[in-house]
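1. Quick one: sequence and predicted model below, then my questions.
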Amino acid sequence: MRFRRPPPGVTGREVRHAVRDWLPYPGRILAAAAAVLLLTLPALGAGRYAGWRADLRTLTMASVVVASAGALLLAARYGTRPTGRLPERFAVATIGGGLLAGAYVGATLLYFRLVVPLEVDGALRGLPVRGVALAVLAGAFGVALGALLRRPVLLLALGVLLVGGQVALAGTAVPGPLAAVRLWLVGSAQPHDLPGCVSLAPSECVAWTYRHWPAGLSLTVTVLVAVMAALAVRRAAPEGTGADPSGSEGAGDPAAERGAPPGRSRYAVAAALVVAGLVLIPAAIGNGVRQATSAVTTGTGVSAPVGSPVEVVVPRPGRLAVFAVGLGAVRDCRAVAADSRRVGLTPVPGTVRYGDGVSYRWVGTFRLPAPGRWTVTCAGDEGEYLVGDPPRVEGLVGRLVELPRPLVWLLGALSGLLVAAHTALARRPRRPSVAAADR
């Protein structure tokens with residue numbers, strides 16, 4: 001599909017303007033996507049039992065749902081614009097939605113393979129590809145919904161048609177449009193008897209295959225119906241309103257292309273990002289550490305009541321972890337060698353708990369520079385603490401948990417500091433150009 005050529009006198013690039021209308025604030029959307037990616041694992045783990053472990057397939061499914069919902073919302077907003085031709089909007093929303101979904105799902109897979117490695121509980125079986133296809137369909141459906149928002153009667157008729165299709169197709173091989181989203185992602189299970197299998201347990205002689213094409217067919221037909229309804233009621237842009245024919249305000253105006261300097265309110269946004277990062281990053285690191293832990297040996301350590309010393313013999317220089325047993329609070333931990341050398345505790349960002357029956361909260365880690373006998377003491381109001389080998393944490397998060405607390409704070413505040421620096425640079429007075437000075 002070709003974008004129309006700008007009329008004489010318009011110097012903007014139409015493709016760029018169309019993409020800008022669909023994605024007006026890429027920085028905000030990128031920040032929101034990063035925040036959702038970091039919060040996905042804590043959100044899925046909220047309310048579950050203490051020893052719950054996430055798997056890669058569950059996180060991939062969550063990323064697919066988030067990407068498709070984002071493509072739908074962006075496309076619905078874009079579809080409400082009165083300017084620009086509707087076929088162009090369909091093209092931009094579907095292509096852009098697919099690209100954004102592919103980038104988000106790909107970032108999720110990289111994050112949970114390299115930064116917070118998760119166990120793979122079952123093959124993905126093309127789930128990322130189906131997720132991108134769902135985002136493409138969501139983009140087309142969103143534009144259609146946006147175009148129909150000013151026609152509530154047709155929008156209501158489309159809703160009745162979707163509900164009626166769901167009721168009519170219930171129990172058939174082709175799922176209804178509302179159930180098709182889930183079945184397109186997970187598939188509809190079909191049992192098959194294994195030939196020649198003899199077993200006392202009948203379930204051992206049954207194999208399962210998963211079909212996705214009926215749900216894909218239902219979704220495609222649903223989107224096509226919505227698109228045809230939107231194309232049937234499309235309207236030309238009103239004449240004489242002064243709207244830019246390219247569909248983007250300020251196209252062709254160099255001042256508008258550069259944009260006005262950001263206001264002082266941008267500093268408030270930067271401060272909010274700093275506060276959010278200082279809360280979000282330690283929580284994400286702590287949750288990721290627990291999920292990426294491959295081995296923890298809390299049962300082989302030495303425990304003592306808070307305030308009482310613990311003596312450990314370290315055969316070689318290395319690390320020593322401190323755990324708070326139960327719900328007690330542990331603070332002011334220190335390690336002292338036989339020659340009176342002192343080592344401070346590097347605290348663990350966030351909250352990292354292990355164990356099902358008894359809770360062990362990883363408080364921090366000592367980096368002991370020499371072997372020998374060390375005495376560890378931790379203060380607290382009540383409870384016990386345990387000193388032992390640190391958990392084995394895979395991936396990049398295993399390195400982040402060792403960072404000193406100031407570096408963790410800097411990592412959390414980095415996004416807000418970058419926004420503040422960009423705002424300060426953008427608000428600087430611009431030097432007049434050479435051509436303007438010659439005048």
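-> Arrived safely.

2. Look at residue 199 and report its pLDDT.
-> At residue 199, the model reports a pLDDT of 69.

3. what packs against the strand or helix carrying residue 231?
-> Taking DSSP states H and E as the definition, one finds residue 231 inside helix 213-232. Where contact means 3 or more Cβ pairs under 8 Å, 6 or more residues apart in numbering; DSSP states H and E, helix 213-232 is packed against helix 86-110, helix 127-148, helix 152-168, helix 180-186. Every C-beta, even on glycine, is put in place using the N, C-alpha and C of the backbone.

4. Can you give the distance of it from its chain's centre?
-> How far helix 213-232 lies from its chain's middle: 28 Å, per Cα atoms, centre = their mean, to the nearest Å.

5. circling back to that earlier point, out of the helices and strands packed on helix 213-232, indicate the one that is most buried.
-> Highest mean neighbour count among those (mean count of other Cβ atoms under 10 Å): helix 127-148, with a mean of 24.

6. Which strand residues bridge residue 377?
-> residue 334 (DSSP bridges).

7. thought it was touching residue 309?
-> Yes - applying Cβ atoms under 8 Å, one finds residue 377 in contact with residue 309, separated by 4.7 Å.

8. which one of those two has more residues nearby?
-> residue 377 (17 against 10; other Cβ atoms under 10 Å).

9. give the contact list for residue 67.
-> 100-101, 104-105, 131-132, 135 (Cβ atoms under 8 Å, 6 or more residues apart in numbering).

10. Now with 7 Å, please.
-> Contacts for residue 67 (Cβ atoms under 7 Å, 6 or more residues apart in numbering) come out as 100-101, 104-105, 131, 135.

11. can you pull the contacts of the residue nearest to the spatial centre of the chain?
-> Nearest residue to the geometric centre of the chain (Cα atoms, centre = their mean): residue 37, 1.7 Å. By Cβ under 7 Å, 6+ apart, the contact set of residue 37 is 107-108, 111.

12. Distance to residue 81 and pLDDT added to these, as CSV?
-> Putting these into CSV (distance: Cβ to Cβ, whole Å; pLDDT from 0 to 100) gives the following:
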residue, distance to residue 81, pLDDT
107, 28, 95
108, 30, 94
111, 34, 94
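
13. Same list, those, but as a markdown table with distance to residue 387 please.
-> Shown next, in a markdown table, are the contacts of residue 37 (distance: Cβ to Cβ, whole Å):
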| residue | distance to residue 387 |
| --- | --- |
| 107 | 38 |
| 108 | 37 |
| 111 | 33 |
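
14. which one among those residues gets closest to residue 172?
-> residue 108 (33.7 Å; Cβ to Cβ).

15. returning to that earlier point: so the residue nearest to the centre of the chain lies in a helix, does it not?
-> Yes - under DSSP: H, G, I helix; E, B strand; the rest coil, residue 37 falls within a helix.

16. measure it to residue 53 for me?
-> Distance of residue 37 to residue 53, computed by Cβ to Cβ, to the nearest Å: 19 Å.

17. the domain parsing of the protein - what is it?
-> If you go by automatic domain parsing, the domain ranges for the chain are 14-282, 293-393.

18. and of those domains, who's closest to residue 413?
-> When those are compared (using Cβ to Cβ), the closest one is domain 14-282, at 4.5 Å.

19. Pull out the buried positions in the helix holding residue 231.
-> For helix 213-232, the neighbour count (16 or more other Cβ atoms under 10 Å) marks 214-216, 218-219, 222-223, 225-227, 229-230 as buried.

20. Distance to residue 304 and pLDDT added to these, as JSON lines?
-> Converted to JSON lines, the buried residues of helix 213-232 look like this (distance: Cβ to Cβ, whole Å; pLDDT from 0 to 100):
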{"residue": "214", "distance to residue 304": "63", "pLDDT": "88"}
{"residue": "215", "distance to residue 304": "59", "pLDDT": "88"}
{"residue": "216", "distance to residue 304": "61", "pLDDT": "90"}
{"residue": "218", "distance to residue 304": "63", "pLDDT": "90"}
{"residue": "219", "distance to residue 304": "61", "pLDDT": "91"}
{"residue": "222", "distance to residue 304": "64", "pLDDT": "91"}
{"residue": "223", "distance to residue 304": "64", "pLDDT": "91"}
{"residue": "225", "distance to residue 304": "70", "pLDDT": "89"}
{"residue": "226", "distance to residue 304": "67", "pLDDT": "89"}
{"residue": "227", "distance to residue 304": "69", "pLDDT": "89"}
{"residue": "229", "distance to residue 304": "72", "pLDDT": "86"}
{"residue": "230", "distance to residue 304": "70", "pLDDT": "86"}
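
21. could the helices and strands packed on helix 213-232 go into a markdown table alongside distance to residue 29?
-> Output for the helices and strands packed on helix 213-232, formatted as a markdown table (distance: least, Cβ to Cβ, whole Å):
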| stretch | distance to residue 29 |
| --- | --- |
| helix 86-110 | 8 |
| helix 127-148 | 14 |
| helix 152-168 | 26 |
| helix 180-186 | 22 |
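
22. what stretches of the stretch 51-200 of the chain score poorly on pLDDT?
-> Applying pLDDT under 70 to the stretch 51-200 of the chain picks out residues 82-84, 192, 199-200.

23. Grab the nearest non-local neighbour of residue 169.
-> Ranked by Cβ to Cβ, 6 or more residues apart in numbering and with sequence neighbours excluded, the top spatial neighbour of residue 169 is residue 176, at 4.3 Å.
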